[in-house]
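K.L.:
Just need the structure, nothing else, for what follows:
(2 chains)
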Protein chains: 2
Amino acid sequence: MRREKLVAGVEAGITSRQGLIAHGRGEAFDYLIGERTLDSARRATEAAASLLLAAKKPVVSVNGNVAALAAAEVVELGGLLNAPLEVNLFYRTEERVRKIKTLLEREGAERVLGDKADARIPEIEHERAKTDREGIYSADVVLVPLEDGDRCEELVKMGKKVVAIDLNPFSRTSQQATVSIVDDLERALKNLISAVKEQKRSGESAADLLGAVLRGYDNKANLREAVKEIVKRLKEDAEGVQAVPGS
Amino acid sequence: MRREKLVAGVEAGITSRQGLIAHGRGEAFDYLIGERTLDSARRATEAAASLLLAAKKPVVSVNGNVAALAAAEVVELGGLLNAPLEVNLFYRTEERVRKIKTLLEREGAERVLGDKADARIPEIEHERAKTDREGIYSADVVLVPLEDGDRCEELVKMGKKVVAIDLNPFSRTSQQATVSIVDDLERALKNLISAVKEQKRSGESAADLLGAVLRGYDNKANLREAVKEIVKRLKEDAEGVQAVPGS
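P.N.:
Numbering: from 1, shown residues only, chains lettered A, B, ... in the order given. All right, here's what the predicted structure looks like:
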C-alpha cells in the first residue's frame, strides 16, 4: 500500500523517481530490523522529542517521500511543536515545491516554508543548497526525515542539532545526526508525536526534560544497537534457510 | 549512473515505477554484501552456466529493470545459449512489452518472445500469469534475473529448473530457485557470460559438465554463505560506528 502511495506521489508530481529507489533501500533495511520499532529507536524518539520541545526555532523538513507517505503526521507534529514545515527537495523543482506546499496546506499546515529559497547551506551544490532564511537556515533544531548525507553533515557543521529518521544505521545521515531514529518513517513520526504529547503533558520544563534525557542518551551506542538487532535477525533467518525441508 | 539509467527507463516507458523501488531494495543488499561478487555467487554462476548449457529449451526472462540496465548482456547471453529472450513483466502492459521487445531487437536479439501471451502460469493472478507457449511455458530451464517470488515458485512447481539473480538471499525467489545467484544484475550477467564461454570452450559435453558441477553444488548452503558474508560485514561496520571520533 505504501508503494502504491509513493507511485501515486510520482504521478501527482510530488515524489521524485529517485525517491522511489531511496524508498526501496529503506524497505530492505526495514525488513532486516523486522518491520518494528526497536528499543533503540524508542530511546532516540524520546531524545528527539525533548530536543524539539526545547528548541527555540525548530523546523520540520519535508521532502517528496515524506509528503506522499506522511503529510498528516508532519502537519500534526509541526502544530504540536509550533514549528514551520519546510519543503526541502534533493531533486528540487519549483513546481514540486509548490505542489508539496499546497498538499501540506490542504492537510492543515499553518506555515509552510521552502519556496523563498533566499539562503544557501554552505558547501552544497547550488540547487541542493537552497533553503529559506527564516526556516532551516536559521533553525536551531531541524527534524529531517529522510535526508541526504551531505546536507545533514553541513547542517551539523552550521551548529544545528539534527534529528534524523533513517532506516539505514550506516548512512551518513544516521552517522552525522545528533539524534538518529532508525525506524520506518510513519512508525517514527507516530511515535514522535506520542512522545511530544507525553512530554508536554508531563508539565516539566522542556529544558529540564532535555537535560535528563540527553544525560542518558548516546547516539552512537544507539546506532550500534540497531546494527546488533539486524545481525541477530540475519542469524535467525540464516537458520531458517538451513531448516527449509528438502534443501 | 545506474539510478539515472533506470529513471531514464521509466521516462522511456520501459521500467515500471515499482521497478525503481525494487532496485532500491537491491541496492541496500548490494551495499551489505560489499558491492562485489561473493565466492558463493561465483559457484552459483558456474552451476547456472552448466544448467543453461545442458538445457533443451532454455529461455532468458527479461523485465523492465533488466531491459533498462542490461539489455546488451541478456542479448549476448541469449545468443551464446541459443535461447530466446522473453519479455516477462510483473506490471504488464502491452505497450511496455512492445517497447522492451523493440529495445532488445535493436540491441541485436534474434528472437524475442512475450508478446503472444498465449499460455498461463498456473495459480498466478491473470495479468501476471501471462507467458508465451513456445517460451517460458514450455522451457526446461529459465533464467529469471529479478523475478517475483510467486512466479518463481510456480515455475519450479511446473518442473522447470530456475536460475535466479537476486541480491536478497532471503527473498522467496532466492529461496525457491534451483540456482540462486546473489549478486548485482550486471555483475552476475557478465560473470555468467564468461562462465558460459569458458564451459563452451572446454569441449566437454554439457551433460558431463552439469553432472560434475551439480554434484558439488548446494543452493541452500550457498545462500547461507551469502548471509554469513552480510553478517561479517555488518559486524565490521558496527565496529566502524564505534570508532568514529567524537562519538
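K.L.:
For chain B, give me its nearest residue in chain A.
P.N.:
Per CB to the nearest CB, residue A:24 is where chain A lies closest to chain B, at 2.1 Å. Any C-beta I mention is one placed from the backbone N, CA and C, and that applies to glycine too.
K.L.:
thinking that residue is in contact with residue B:29, fair?
P.N.:
No - Residue A:24 sits out of contact with residue B:29 when judged by CB atoms under 8 Å, with a separation of 10.3 Å.
K.L.:
Surely residue A:169 is within a helix?
P.N.:
No - counting by DSSP: H, G, I helix; E, B strand; the rest coil, residue A:169 is not part of a helix but coil.
K.L.:
Point me to the helix or strand that includes the residue nearest to it when sequence neighbours are not counted.
P.N.:
Using CB to CB, 6 or more residues apart in numbering or on different chains and skipping residues adjacent in sequence, the residue nearest residue A:169 is residue A:226, 4.2 Å away. Secondary structure from DSSP states H and E places residue A:226 in helix A:219-243.
K.L.:
Any idea how far stretch A:72-83 is from the middle of the chain?
P.N.:
The chain centroid and the centroid of stretch A:72-83 are separated by 13 Å under CA atoms, centre = their mean, to the nearest Å.
K.L.:
Just give me the residue right at the centre of chain A.
P.N.:
residue A:145 (1.7 Å; CA atoms, centre = their mean).
K.L.:
Not counting sequence-adjacent ones, nearest residue to that residue?
P.N.:
Nearest one to residue A:145, counting by CB to CB, 6+ apart, is residue A:165 at 4.1 Å.
K.L.:
Report the contact partners of the one you found.
P.N.:
A:143-146, A:181, A:183, A:185, A:188-189 (CB atoms under 8 Å, 6 or more residues apart in numbering or on different chains).
K.L.:
cool, and residue A:21?
P.N.:
So residue A:21 contacts B:3, B:6, B:20-21, B:23-24, B:27 (CB under 8 Å, 6+ apart).
K.L.:
let's see 7 Å
P.N.:
Residues in contact with residue A:21 (CB atoms under 7 Å, 6 or more residues apart in numbering or on different chains) are B:3, B:20, B:23-24, B:27.
K.L.:
Compare those and tell me which is most surrounded.
P.N.:
Most neighbours among the contacts of residue A:21, by other CB atoms under 10 Å in any protein chain shown: residue B:20, with 30 neighbours.
K.L.:
Look up how far residue A:45 lies from it.
P.N.:
29 Å (CB to CB, to the nearest Å).
K.L.:
SS state for residue A:191?
P.N.:
Applying three-state DSSP: residue A:191 is helix.
K.L.:
residues contacting it?
P.N.:
A:37, A:42, A:45.
K.L.:
Residue A:151 is in contact with residue A:124, correct?
P.N.:
Yes - assessed by CB atoms under 7 Å, residue A:124 is found in contact with residue A:151 at 6.0 Å.
K.L.:
between the two, who's got more neighbours?
P.N.:
residue A:151 (25 against 17).
K.L.:
Report the contact partners of that one.
P.N.:
Per CB under 7 Å, 6+ apart, neighbours of residue A:151: A:121, A:124, A:128.
K.L.:
Repeat the analysis, applying 6 Å as the threshold.
P.N.:
Neighbouring residues of residue A:151 by CB atoms under 6 Å, 6 or more residues apart in numbering or on different chains: residue A:124.
K.L.:
Can you narrow the contacts of residue A:21 down to the ones near chain A?
P.N.:
B:3, B:20, B:23-24, B:27 (CB under 6 Å from any CB of the partner chain).
K.L.:
Identify the farthest-apart pair in the residues you listed.
P.N.:
Greatest spatial distance in these: B:20 and B:27, 10.4 Å, computed using CB to CB.
K.L.:
Mind pulling up the pLDDT for residue A:230?
P.N.:
Here, the pLDDT recorded for residue A:230 equals 88.
K.L.:
Contacts only, for it.
P.N.:
Contacts of residue A:230 by CB under 6 Å, 6+ apart are A:32-33.
K.L.:
on that earlier part again, pull up the gap between the residue nearest to residue A:169 and residue A:37, please.
P.N.:
In terms of CB to CB, residue A:226 sits 11 Å off from residue A:37.
K.L.:
again, but for residue A:135
P.N.:
29 Å.
K.L.:
Of those two, give the one with the bigger neighbour count.
P.N.:
Remark: of residue A:135 and residue A:37, residue A:135 carries more neighbours, 27 against 19, as counted by other CB under 10 Å.
K.L.:
right, and the more buried one touches residue A:59 too?
P.N.:
Yes - counting by CB atoms under 6 Å, residue A:135 does reach residue A:59; the two are 5.2 Å apart.
K.L.:
what does stretch A:107-125 contact?
P.N.:
A:71-72, A:75, A:84-88, A:97, A:101, A:104-105, A:129-133, A:135, A:137, A:151, A:154.
K.L.:
Need the CA coordinates for that stretch. CSV is fine.
P.N.:
In CSV, the C-alpha atoms belonging to stretch A:107-125 read as follows (Å, rounded to 0.1, in the frame of the first residue of the first chain):
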residue,chain,number,x,y,z
GLU,A,107,-3.7,18.8,5.3
GLY,A,108,-3.9,21.8,7.7
ALA,A,109,-0.4,23.1,7.9
GLU,A,110,-0.3,26.7,9.1
ARG,A,111,3.2,27.7,8.0
VAL,A,112,5.0,26.0,5.1
LEU,A,113,8.4,27.4,4.0
GLY,A,114,10.8,26.4,1.3
ASP,A,115,9.5,28.4,-1.7
LYS,A,116,11.6,31.5,-1.0
ALA,A,117,14.9,29.8,-1.1
ASP,A,118,16.6,33.0,-0.1
ALA,A,119,19.6,31.4,1.7
ARG,A,120,22.1,28.7,1.0
ILE,A,121,23.5,25.8,3.0
PRO,A,122,27.3,26.2,2.7
GLU,A,123,29.4,23.7,0.7
ILE,A,124,26.5,22.2,-1.1
GLU,A,125,25.9,22.2,-4.8
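K.L.:
Looking at that stretch now, give me its mean pLDDT.
P.N.:
Per-residue scores along stretch A:107-125 average to 92.
K.L.:
Tell me the buried residues in the helix holding residue A:226?
P.N.:
Of the residues in helix A:219-243, A:219, A:222-231, A:234, A:237-238, A:241 count as buried by neighbour count, 16 or more other CB atoms under 10 Å in any protein chain shown.
K.L.:
circling back to that earlier point, okay, the contacts of residue A:191 in CSV with pLDDT and secondary structure next?
P.N.:
Output for those, formatted as CSV (pLDDT from 0 to 100; DSSP: H, G, I helix; E, B strand; the rest coil):
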residue, pLDDT, secondary structure
A:37, 97, coil
A:42, 95, helix
A:45, 96, helix
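K.L.:
out of those residues, who's nearest residue A:214?
P.N.:
Of the contacts of residue A:191, the one sitting nearest to residue A:214 (CB to CB) turns out to be residue A:45, at 13.5 Å.
K.L.:
Would you confirm that the closest one contacts residue A:196?
P.N.:
No - contact criterion CB under 6 Å: residue A:45 and residue A:196 do not qualify, at 9.4 Å.
K.L.:
Those two: who's more crowded?
P.N.:
Shown here are residue A:45 and residue A:196; by other CB under 10 Å, residue A:45 has more neighbours (26 against 20).
K.L.:
Excluding chain neighbours, what is closest to the more buried one?
P.N.:
residue A:191 (4.8 Å).
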